[in-house]
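Enquirer: structural data only, the sequence is not supplied:
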């Protein structure tokens, strides 16, 4: 649905004239059974027909061994998706509340000291640009629209040059942990409860996610819904998010190199 609305307007227009702009997401259940069967069979048949020419291409390009190695660990990836990862709901909720509380505290401090107690949003580019002006600071970069860039990469070097930014960056980071990591993981637990796959009375829940072993050219895994691969590891706050992933007695987590050389060997 999101990808559709990222397409060029002209490309969407012919379909939207027939289906409307907010047409529902369709599945195979929405077409006659005979057509669904025909489509599914053609899909499988074309895949099988492609096997021989693609295998020849892999051999001629000296990539067959690389392909074979990747195929060997696909069942492990599938097992990881099926089993999921065990996480503590109470730990996530406690961390979310702590992150939001700290972000609120830092935001109020910014408001009192630099905005005459008027509201300020550290995640608002306009508010951060205004803060830079008030502190006599300037970002060296501009956005495509010609505005002052307040992206982290643009003003990171200013972080410790003024007390205001020493409040702004932590406020953004604490809120980011709450909204980008804690909330999606708690939402995943709620979906498991709705599906009937998790007992609401149990604190530990195995959340399931989607892993994509062939989406990245470097052979790294990609993940989504939620993404278990983008949790920060170097910062202390990131380590607190990781500490919410817990196993029942008798089991443990193991960490593997994100380049996945170690993971592939394992």
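Expert: Thanks, I have it. Owing to the predicted nature of the structure, the values given are computational and were not obtained by experimental measurement.
Enquirer: what strand or helix carries the residue nearest the centre of the chain?
Expert: What sits nearest the mean C-alpha location of the chain, by CA atoms, centre = their mean, is residue 227, with 4.4 Å. Following DSSP states H and E, one finds residue 227 outside all helices and strands.
Enquirer: the closest residue in space to it that isn't next to it in sequence: what's it in contact with?
Expert: For residue 227, ignoring the flanking residues on the chain, the nearest one in space by CB to CB, 6 or more residues apart in numbering is residue 209 at 7.0 Å. In short, each C-beta sits where N, CA and C put it, glycine included. Taking CB atoms under 8 Å, 6 or more residues apart in numbering, we find residue 209 in contact with 81, 84, 85, 188, 223, 224, 225, 226, 227, 228.
Enquirer: redo these as CSV? Include pLDDT.
Expert: As requested, the contacts of residue 209 are arranged in CSV below (pLDDT from 0 to 100):
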residue, pLDDT
81, 89
84, 89
85, 90
188, 91
223, 87
224, 86
225, 83
226, 85
227, 85
228, 81
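Enquirer: just the buried members of these?
Expert: Listed as buried from the contacts of residue 209 are 84, 85, 188, 223, 226, 227, 228; burial here means 16 or more other CB atoms under 10 Å.
Enquirer: rewinding a little: need the contacts of residue 209 in CSV with distance to residue 245, can you?
Expert: Output for the contacts of residue 209, formatted as CSV (distance: CB to CB, whole Å):
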residue, distance to residue 245
81, 16
84, 11
85, 6
188, 12
223, 14
224, 17
225, 17
226, 12
227, 14
228, 8
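Enquirer: out of those, which are inside helices?
Expert: 81, 188 (DSSP state H).
Enquirer: between the contacts of residue 209, which is closest to residue 130?
Expert: residue 227 (32.8 Å; CB to CB).
Enquirer: if we can go back for a sec, which of the buried ones among the contacts of residue 209 sits closest to residue 52?
Expert: Using CB to CB, these come closest to residue 52 at residue 223, 31.9 Å.
Enquirer: wait, the closest one touches residue 211, no?
Expert: Yes - the pair formed by residue 223 and residue 211 meets the contact definition of CB atoms under 8 Å, at 5.3 Å.
Enquirer: now the strands for the stretch 151-266 of the chain?
Expert: Secondary structure of the stretch 151-266 of the chain by DSSP state E, counting those that start in this stretch: the strands cover 204-207, 210-212, 222-224.
Enquirer: closest to residue 41 out of the ones you listed?
Expert: strand 210-212 (25.2 Å).
Enquirer: chain center to the closest one: distance?
Expert: 11 Å (CA atoms, centre = their mean, to the nearest Å).
Enquirer: go on, stretch 195-206?
Expert: For stretch 195-206, the distance to the chain centre is 22 Å (CA atoms, centre = their mean).
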